[in-house]
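Asks: Fold the following, please.
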Amino acid sequence: MNKRELEPGIHTELAGRTTYSDYLQLDRLLSAQGPRSQPQHHDELLFIIQHQTSELWLKLLIHELTACIRYVQADKLEPSFKIFARVAHIQRMLFEQWSVLETLTPNEYLEFRHVLGPASGFQSYQYRAVEFLLGNKDDKALLPFKHMPREHAELERLLNSPSVYDEFLRLLARAGHPVPAHRVERDWSQPYEKDAQVMAVFQRIYENIDANWDAYEMAEKLVDTEERFQLWRYRHMMTVQRIIGFKTGTGGSSAWASCARRWTCASSRSCGTCARSWPRLPRRAARPEAPSVPGRQPERSLASRQRSAPWASTSSQSGSLGSRTTSRTSSTRPESGPSPRRDTSATCRWTPPGPGSCRLSPTRGVGPFHPALRVC
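Replies: Coordinates of the predicted model:
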């Protein structure tokens, strides 16, 4: 018989002391699921937990992005890099959660969809807060929250506050970069607009990485975050299509069509525009080929593994899209020797998902930062 004895030091007399359940308030957390279908449908609990856990991750995402803004305001970029490493893993969790909801079939969802009434993910004020923190500003997005004074006031505050990217531009201006004054002070409630002068600032940063390492690294962190958010939104759209097809959403939107309108075929924008406006960066020395071993398959590169599994990760790197590498756990300026630069061998650094296909991206990105900073 496989019997395990308790270690002598384990606490078992817990009356009147803080317990695991007390600290996490599990009684409240586990009683917060209230299926409404009668008789209760088996899959409604999955639907509720899927969205509740997403809201918990969004809460942590807001917490981290808010701290990041404080660091940038204090001209401390290096601590923000650790935050972006954590943000990357939170985004990965949000992305992977769609696979659980995708096990819900259309006929199973229809069994309890009627009990949702007009409830919709469009009404998630935490998701809207994340968008505002990342720079996707839209005052019309406040309309569904008029009946919630506290949440409406907080979203209005974020709408009228600088985003992470806005604060980064202000930091660059304080550091002596020629960021135009109309980008340092402006109406923060308005979406960011492309600016040739800002583009020139980033061009100089990328042409002289060693002298601008922190600014370069921060720019890459923002691009990484943007790409992961686009992937999350794309998978959301495909999950909606899989479960409800082209039906009207519970919140009154056109559901899949509403998601799809945010996206457009961007093959020309992701490569053509970038190639026309972005300088060709120095080509990194090619990696020497490993000697072949008879009967052994050649080793796949990290970039190749990432192309087939966008969320693949190693102990020190998290996969993103195409051949890009994403946030490291910590980023420090090299003391000496050649800089550990990212692969800049391609002008655009964008890898299409396959022959005859193109990458999709939102018509209005989450923020003003896009691959290769082409919309600075």
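
Asks: Tell me which residues touch the nearest residue to residue 86 once chain neighbours are set aside, please.
Replies: Among residues not flanking residue 86 along the chain, residue 64 sits closest, at 5.7 Å (Cβ to Cβ, 6 or more residues apart in numbering). From N, CA and C alone the C-beta is placed, and that goes for glycine too. By Cβ atoms under 8 Å, 6 or more residues apart in numbering, residue 64 lies in contact with 83, 86, 87, 90.

Asks: Turn those into CSV, columns for neighbour count.
Replies: Converted to CSV, the contacts of residue 64 look like this (neighbours: other Cβ atoms under 10 Å):
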residue, neighbour count
83, 21
86, 17
87, 22
90, 17
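
Asks: any idea which of those is closest to residue 43?
Replies: residue 90 (25.9 Å; Cβ to Cβ).

Asks: is it true that the closest one lies in a helix?
Replies: Yes - using DSSP: H, G, I helix; E, B strand; the rest coil, the assignment for residue 90 is a helix.

Asks: In this structure it contacts residue 62, no?
Replies: No - between residue 90 and residue 62 there is no contact under Cβ atoms under 8 Å: 10.2 Å.

Asks: quick one, strands of the protein?
Replies: With DSSP state E as the definition, the chain shows strands at residue ranges 263-265, 360-362.

Asks: coming back round to it: out of the contacts of residue 64, flag the one nearest to residue 49.
Replies: Closest to residue 49, out of all of the contacts of residue 64 and judged by Cβ to Cβ, is residue 90, at 17.5 Å.

Asks: thinking again about what came up before, mind giving me a markdown table with the contacts of residue 64 and columns for distance to residue 13 and pLDDT?
Replies: Below are the contacts of residue 64 laid out as a markdown table (distance: Cβ to Cβ, whole Å; pLDDT from 0 to 100):
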| residue | distance to residue 13 | pLDDT |
| --- | --- | --- |
| 83 | 40 | 97 |
| 86 | 37 | 97 |
| 87 | 41 | 97 |
| 90 | 37 | 97 |
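
Asks: In helices, which of those fall?
Replies: Among the contacts of residue 64, the members found in helices (DSSP state H) are 83, 86, 87, 90.

Asks: distance of the second one from residue 34?
Replies: In this view, residue 86 and residue 34 are 31 Å apart by Cβ to Cβ, to the nearest Å.

Asks: The last one too?
Replies: Relative to residue 34, residue 90 is positioned 26 Å away (Cβ to Cβ).

Asks: returning to that earlier point: which two among the ones in helices among the contacts of residue 64 are spaced furthest apart?
Replies: Farthest pair in these, by Cβ to Cβ: 83 and 90, 10.3 Å.

Asks: Alright, that wraps it up for me.
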